[in-house]
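Student: Okay, here's the prediction I keep looking at, along with the sequence it came from:
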Amino acid sequence: MQIKEALTFDDVLLVPKKSIINSRKDISLKTRLSKNISLNIPIISANMDTVTESAMAISLAKMGGLGIIHRFLSIQDQVNEVLKVKRAENIVIEKPFTLPGNTKLNEAKELMHGNNVSGILIVDNENKLQGILTARDILFEDDLEKNIFELMTQRKNLITASPGIKLEEAQEILHSNKLEKLPIVDENNYLQGLITSSDIYKIKKYPHSTKDSKGRLRVGAAIGVKDEDIKRAQSLLESGVDILVLDIAHGHSDVSLNMIKKIKKEFNCEVIAGNVATKEGAEDLISAGADVVKIGVGSGSICITRLVAGAGVPQLTAVLDCAEAAEKYNVPVISDWGIRTSGDITKALAAGASSVMIGSLLAGTDESPGFVI
């Protein structure tokens, strides 16, 4: 048996070289997540229940990275987390929250509070705009059984815009009329969407956000490898998730390879698969249809694979080997596990990773799930 030398992040340093950069502002960290999705910073939050739900995914996407919603939720709860990210920032909200005019005030308040929105558009049974109900309309109203039709701002008093309006035009309308929300309606008064001043502000404040073609923040979600996870994948894709992550400890296995093939056959979507730590593992995942390969076995701060099973490859060597194999197919790789310092990130990128997945460094932040102690 030949045992080769293998290295982890702590075993190496990057050799300093001459720099031609005048300012850190001149540096671009843009990278490929997959063949069709780019990130402005090469950081992905781990699909762990102590790391990523909607709050983390929103914060990372605003900064140019990506969050992966963990799978230890019911399908509907995981879908709801994806929807929260997708609704957090838009150029045009295509499906704003709406209610019929005969809805009771208590129901409207529940919808507003439950989804953290300050206004609801009121429509008839044909989806024609009748008015808008905002927090100001109900601020001092105590009768929770009153119909919201009596409280809303009527259609005749609303300023609206037509489909296809440009962002700059919408901003001017909102600013000059001191509005927070601008409904989009067609020539027959059918509701087509909504533009809000807060969304425009976020676009200006976070110019490097990771967004899809509709101007929504990007988000990924994890699934397992059982047959019922096909249903989970379908529900997530219908909710607008941008990429699926196959969540299994040992990615170089028949169940993992078969699941990749099923997903790619059933859906037109991109898949991150892993985890693997060898060239053979990376090549088999790519052959099965993986769009991205996730690298790392046993190197995580809370992972006990090496203690229990005695299995793993030091992370730097694993990244070097897998990146070399994936490069032949033009497939990006993610270095997952083992990132304990910012220096580890640069080492992983230097070894060939397109991005890194981080868990423990983010788990103690306000945006991670859990309770502050």
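Tutor: Everything's here; your move.

Student: excluding its backbone neighbours, what's nearest the most centrally placed residue in the chain?
Tutor: Nearest to the geometric centre of the chain sits residue 219, at 1.5 Å (Cα atoms, centre = their mean). For residue 219, ignoring the flanking residues on the chain, the nearest one in space by Cβ to Cβ, 6 or more residues apart in numbering is residue 85 at 4.1 Å. Heads up, the C-betas are built off the backbone N, CA and C, glycines and all.

Student: what about the one you found, distance to residue 358?
Tutor: 18 Å (Cβ to Cβ, to the nearest Å).

Student: Likewise for residue 352?
Tutor: 18 Å.

Student: More neighbours: those two, which one.
Tutor: Applying other Cβ atoms under 10 Å to residue 352 and residue 358 shows that residue 358 carries more neighbours, namely 24 against 19.

Student: Quick check, pLDDT for the closest residue in space to the more buried one that isn't next to it in sequence.
Tutor: Nearest non-adjacent residue to residue 358, counting by Cβ to Cβ, 6+ apart: residue 339, 5.1 Å away. With respect to pLDDT, residue 339 scores 93.

Student: didn't residue 339 look like it was pressed against residue 361?
Tutor: Yes. If you go by Cβ atoms under 8 Å, residue 339 and residue 361 touch, sitting 6.4 Å apart.

Student: okay, the two: which has more neighbours?
Tutor: residue 339 (27 against 19).

Student: for that one, what are its contacts?
Tutor: 345, 348, 356-361 (Cβ atoms under 8 Å, 6 or more residues apart in numbering).

Student: ok, now how distant is it from residue 360?
Tutor: Per Cβ to Cβ, residue 339 is found 8 Å from residue 360.

Student: Overlap in contacts, the two.
Tutor: With Cβ under 8 Å, 6+ apart, residue 339 and residue 360 have no common neighbours.

Student: what's around the residue nearest to residue 120 when sequence neighbours are not counted, how many residues?
Tutor: What sits nearest to residue 120 in space, not counting adjacent residues and going by Cβ to Cβ, 6+ apart, is residue 133, at 4.8 Å. If you count neighbours by other Cβ under 10 Å, residue 133 ends up with 25.

Student: In a strand, residue 133, correct?
Tutor: Yes. Under DSSP: H, G, I helix; E, B strand; the rest coil, residue 133 sits within a strand.

Student: if I look at it, how far off is residue 149?
Tutor: Residue 133 is 9 Å from residue 149, by Cβ to Cβ.

Student: got any residues that touch both of the two?
Tutor: In contact with both residue 133 and residue 149: residue 122, using Cβ under 8 Å, 6+ apart.

Student: show me where pLDDT drops low in the protein?
Tutor: 299-307, 309 (pLDDT under 70).

Student: Can you name the residues that contact residue 55?
Tutor: Contacts of residue 55 (Cβ under 8 Å, 6+ apart): 366-369.

Student: List buried members of the residues you listed by neighbour count.
Tutor: Listed as buried from the contacts of residue 55 are 367-369; burial here means 16 or more other Cβ atoms under 10 Å.

Student: Pipe those residues into JSON lines and attach distance to residue 55 per row.
Tutor: Formatted as JSON lines, the buried ones among the contacts of residue 55 follow (distance: Cβ to Cβ, whole Å):
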{"residue": "367", "distance to residue 55": "4"}
{"residue": "368", "distance to residue 55": "8"}
{"residue": "369", "distance to residue 55": "8"}
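
Student: These in helices, which ones?
Tutor: Taking DSSP state H, every one of the buried ones among the contacts of residue 55 sits outside helices.

Student: So which of those is the closest to residue 144?
Tutor: For these, the residue nearest residue 144 by Cβ to Cβ is residue 369; the value is 31.8 Å.

Student: wait, isn't that closest one in contact with residue 48?
Tutor: No. The pair residue 369 / residue 48 is not scored as a contact, 9.1 Å apart, by Cβ under 8 Å.

Student: coming back round to it: the residue nearest to residue 219 contacts residue 54, correct?
Tutor: Yes. Taking contacts as Cβ under 8 Å, residue 85 lies within contact range of residue 54: 5.2 Å.

Student: Compare the two (neighbour count), which wins?
Tutor: residue 85 (28 against 22).

Student: Quick check: next helix or strand after the host helix or strand of the more buried one?
Tutor: Following DSSP states H and E, one finds residue 85 within helix 75-88. Once the chain leaves helix 75-88, the next helix or strand it forms, by DSSP H and E, is strand 98-99.

Student: List the contacts of the helix or strand just after that following strand.
Tutor: Moving toward the C-terminus from strand 98-99, the next helix or strand (DSSP H and E) is helix 105-115. Surrounding helix 105-115, the residues in contact under the criterion Cβ under 8 Å, 6+ apart are 87, 97, 99, 117-120, 133, 135, 138, 141, 143-148, 151.

Student: Narrow the residues you listed to those that are buried.
Tutor: 87, 97, 99, 117, 119-120, 133, 138, 148, 151.

Student: Residue 15: which of those is nearest?
Tutor: For these, the closest approach to residue 15 (Cβ to Cβ) belongs to residue 87, at 46.4 Å.

Student: Now the closest one: closest residue in space that isn't a chain neighbour?
Tutor: Looking at residue 87 with Cβ to Cβ, 6+ apart, the closest residue is residue 93, at 6.9 Å.
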